[in-house]
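In: fold the following for me, if possible:
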Amino acid sequence: MTERQDARSDEVVRGSLLRRLWHARWLWVVFLAGGLVLVFLLRGGDLATFGPVGEADGPGREGGAAPSEQQAEAPESVSETGRHLSRQVRQRDSGPEALEQRTSRSTSAREHEPTPVTLDAAHFETEHRSVRTSRSGNGGDESDDDSELTIGGTVLDAAGVPLPDIRIEANAMSAYLPDPGSVVTDALGMFSFQSLESGEYVLTVPESDDHHSASVQVRAGSASVEIYLRPRGRVTVHGLVQDEAGQPLDLARVRLLGGDETRTGADGSYRVTGSWPRAGQAPVVEFRHPDYLVKRQALASSSAGSSSEIRLDVQLEPREASAVLAGRLTGPAGESISDARIWLSSSSPSVHRQAVTDAAGYFLLERLEPGGHFLLGVSPPEGYASWVSEPMAISAGNNRRDIELQRDDRGGLFGAVIDPDGRPLGNFAMWARSTTPAGQSAIPVVTDSAGQFWLPDIAAGVMQLETRSLPRLEARGIQIEAGRDNQAVVPMDWGEQWLFGTVLDERGSPVAGATVSLQWGEQFPDAYSTSVRQVRSDLDGQFVFSNLGADHYALVARADGHVTRRVQNVPVGPGAEEVQVVLEPAGGGAAGGGGK
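Out: Sure thing, here's the model as predicted:
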């Protein structure tokens, strides 16, 4: 066979093989599909498992929601420790709902012992620097989650009636966050701020001819904020100013704070007019005379919001001899402390005086007005802890008070903030405050995306974490040892659950304007955590609480003309029923009790 024939034969064989493969192409497709189905079954029958394993194995929120980016980034040590706290410290019910919640957690979280929290200072510095850079506009990408939060609520009058067409201004409490601007309530008095970054905000309703201004501090994500407006009203106060013997005082100066000012006539009479103060405040009248002690008298607020006339007669006490307060400031070894600022403050009599210690540590405050309820404080030089006294009295003549300061020992705190079920709370704004020594200023704290924070320099002793926005969340008793980096896992009552309820009277009719408080407290290994929320029932007696993280609460309902009712162990979560609280009339029926 020639070479040409051999080549032709090989070409025919190859062509025949290719034609056979081409005709069998559908068989290869079937084989490939079967392989994919086999892999799908082996991986647990979940389509999500075709992505990376690490993205599918993390437990989501109870109820089937997918984990957030913040939860996915949480270190395993923090997550495990949080779930350990939930298992060991929290005594959960054994009912079907609690069992369902337990089984929804990952098997590894139930079967393995938690590992100690290990936090890295470099991690915090890198994380916080990226947050600062991103929010200052100098680079970095914003997280998608930062623009998905809202604040919603209702504006109501003092009787609980929704108010339409009320303008609400929102301002961020952090310089790194943009101000959301303003919105106007709809026909049902409801409002909503959209696309907010995580943090705390101040909502303000400006003052108008019809009502006083009102403001409230809230956290992004709050969905049931209530703002109550107090109507404006005029008040007229009149009466007599007399001395200690009951004789009229001429030319005494009378001032209604925020209103008119006048002087008494020869018969000691006066008359001043002004507006009622903001909600929660009472009008105050101030009386002054050169030979008598200053007196301030608060008025009852039962007529607030309407024009009213009140008679107020007062007697002024003569001035006694002036008082002097002297003392010496020393350290724990008896050393003199110089150049420290000493201050003395009191509201009755109205006093605020200062002095500076000399080279030997001595200070002197002269020409003081004797009285009680003075506070004496020290703003020391670096190296010493600040100090504030208990309320003290100063008598006429010479008074002496020596003060010994302690060294300002410092320590560090690496921490993680979690919800009561152990999930990290990322980008969570709080304030850290040392309770020892007294007078320690608060330090702003914001957790990173994994719910962790770092305080490299804080006073040794006991500190607490707290919010200054609604709801009021607090974690007390966190121990800080000097000279070391301390660690703490701090649960806070913040989550995604809701609680709905109705306040009824003994006949089953709704009670409008009832004050309803929701309280929670629990001891954890590193802190005692508490929360307090408060709303008012609407015209149908209904109320709602949002952003709940715990599973049981104590509920307290109060209303004028009714006995206060306290309900223990109110369940929250999937399957929890709406709460009905029945209030008995005052003077009849048993106090205390519960709800249905």
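In: for the rest of this, base every contact and every neighbour count on C-alpha atoms.
Out: OK.
In: quick check: which ranges of the stretch 351-500 of the chain have low pLDDT?
Out: Along the stretch 351-500 of the chain, the model assigns pLDDT under 70 to residues 436-440.
In: what about the helices in it?
Out: Counting by DSSP state H, counting those that start in this stretch, no segments of the stretch 351-500 of the chain form helices.
In: kindly report the same for the chain.
Out: Ranges of helices in the chain, per DSSP state H, are 3-23, 25-42, 53-56, 69-72, 76-88, 96-103, 107-111, 121-135.
In: can you tell me which of these has the worst average pLDDT?
Out: Comparing mean pLDDT across those, the weakest is helix 107-111, with a mean of 32.
In: got a list of what the nearest residue to T262 once chain neighbours are set aside touches?
Out: Using C-alpha to C-alpha, 6 or more residues apart in numbering and skipping the chain neighbours, the partner closest in space to T262 is V254 (5.3 Å). V254 makes contacts with 261-264, 270, 272, 285-288, as judged by C-alpha atoms under 8 Å, 6 or more residues apart in numbering.
In: got it, and A170?
Out: So, once contact is read as C-alpha under 8 Å, 6+ apart, A170 ends up touching 179-182, 201-204.
In: between the residues you listed, which has the most around it?
Out: Neighbour tally across the contacts of A170 (other C-alpha atoms under 10 Å): the maximum, 24 neighbours, falls on Y201.
In: measure that residue to P525 for me?
Out: 31 Å (C-alpha to C-alpha, to the nearest Å).
In: domain parsing for this protein?
Out: Listed by automatic domain parsing, the domain ranges of the chain are 3-42, 150-320, 323-395, 497-583.
In: can you list those domains in TSV and add distance to L473?
Out: Shown next, in TSV, are the domains of the chain (distance: least, C-alpha to C-alpha, whole Å):
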stretch	distance to L473
domain 3-42	46
domain 150-320	11
domain 323-395	26
domain 497-583	4
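In: compare the mean pLDDT across those domains and name the weakest.
Out: Lowest mean pLDDT within these: domain 3-42, at a mean of 55.
In: okay, and the beta partners of R433?
Out: Following DSSP bridges, R433 is listed with bridge partners Q464.
In: right, I mislabeled it, should have said V184
Out: With DSSP bridges as the rule, V184 is bridged to R167.
In: please name the residues that touch the spatially most central residue of the chain.
Out: Centroid-nearest residue in the chain: T467, 2.8 Å away (criterion: C-alpha atoms, centre = their mean). The neighbours of T467, taking C-alpha under 8 Å, 6+ apart as the test, are 429-431, 473-474.
In: if we use 7 Å, what do you get?
Out: 430-431, 473-474 (C-alpha atoms under 7 Å, 6 or more residues apart in numbering).
In: and what of A252?
Out: 263-264, 287-289.
In: contacts for stretch 181-193?
Out: Here stretch 181-193 has contacts from 150-156, 162-170, using C-alpha under 7 Å, 6+ apart.
In: which positions in it come out as buried?
Out: 182, 184-186, 189-193 (16 or more other C-alpha atoms under 10 Å).
In: now stretch 468-488
Out: 468-482, 485-488.
In: please apply the same query to stretch 250-263.
Out: 250-257, 259-261, 263.
In: could I get those as TSV with distance to L413?
Out: TSV is the format used below for the buried residues of stretch 250-263 (distance: C-alpha to C-alpha, whole Å):
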residue	distance to L413
D250	62
L251	60
A252	56
R253	54
V254	53
R255	50
L256	49
L257	45
G259	49
D260	52
E261	53
R263	58
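In: tell me the one of these nearest I458?
Out: L257 (40.2 Å; C-alpha to C-alpha).
In: wait, isn't the closest one in contact with V285?
Out: Yes: between L257 and V285 there is a contact under C-alpha atoms under 7 Å: 6.1 Å.
In: surely F453 meets A416?
Out: Yes: counting by C-alpha under 7 Å, A416 is a contact partner of F453 at 6.2 Å.
In: which residues do the two both contact?
Out: Common contacts of F453 and A416 (C-alpha under 7 Å, 6+ apart): none found.
In: identify the bridge partners of Q487.
Out: F414.
In: and for the one 10 residues further on?
Out: Each beta-bridge partner of Q497 is listed here, defined by DSSP bridges: L548.
In: so what's it up against?
Out: Contacts of Q497 (C-alpha under 7 Å, 6+ apart): 546-549, 572-573.
In: what of G259?
Out: 273-275.
In: in ChimeraX, select just the buried ones from the contacts of V254.
Out: Buried residues among the contacts of V254 (16+ other C-alpha under 10 Å), as a ChimeraX selection:
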select :261,263,264,270,272,285,287,288
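In: for V225, state which of the contacts of V254 is nearest.
Out: Closest to V225, out of all of these and judged by C-alpha to C-alpha, is V285, at 33.8 Å.
In: verify the stated contact: that closest one with K295.
Out: No: applying C-alpha under 7 Å as the test, V285 and K295 come out as separate, 8.4 Å apart.
In: and the strands in the stretch 351-500 of the chain?
Out: For the stretch 351-500 of the chain, applying DSSP state E, counting those that start in this stretch gives strands covering 362-368, 371-379, 387-388, 392-394, 397-400, 403-404, 410-418, 429-434, 443-446, 452-459, 461-466, 472-480, 485-491, 497-505.
In: so can I have a markdown table of those showing distance to W520?
Out: Shown next, in a markdown table, are the strands of the stretch 351-500 of the chain (distance: least, C-alpha to C-alpha, whole Å):
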| stretch | distance to W520 |
| --- | --- |
| strand 362-368 | 46 |
| strand 371-379 | 33 |
| strand 387-388 | 31 |
| strand 392-394 | 35 |
| strand 397-400 | 45 |
| strand 403-404 | 39 |
| strand 410-418 | 15 |
| strand 429-434 | 18 |
| strand 443-446 | 23 |
| strand 452-459 | 23 |
| strand 461-466 | 14 |
| strand 472-480 | 9 |
| strand 485-491 | 12 |
| strand 497-505 | 14 |
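In: so which of those is nearest T330?
Out: strand 403-404 (4.9 Å).
In: name the residues that touch that closest one?
Out: Here strand 403-404 has contacts from 328-332, using C-alpha under 7 Å, 6+ apart.
In: how much space separates L455 from I443?
Out: L455 is 9 Å from I443, by C-alpha to C-alpha.
In: A385 too?
Out: 16 Å.
In: looking at those two, which is more packed in?
Out: For A385 versus I443, neighbours defined as other C-alpha under 10 Å are more numerous around A385 (21 against 13).
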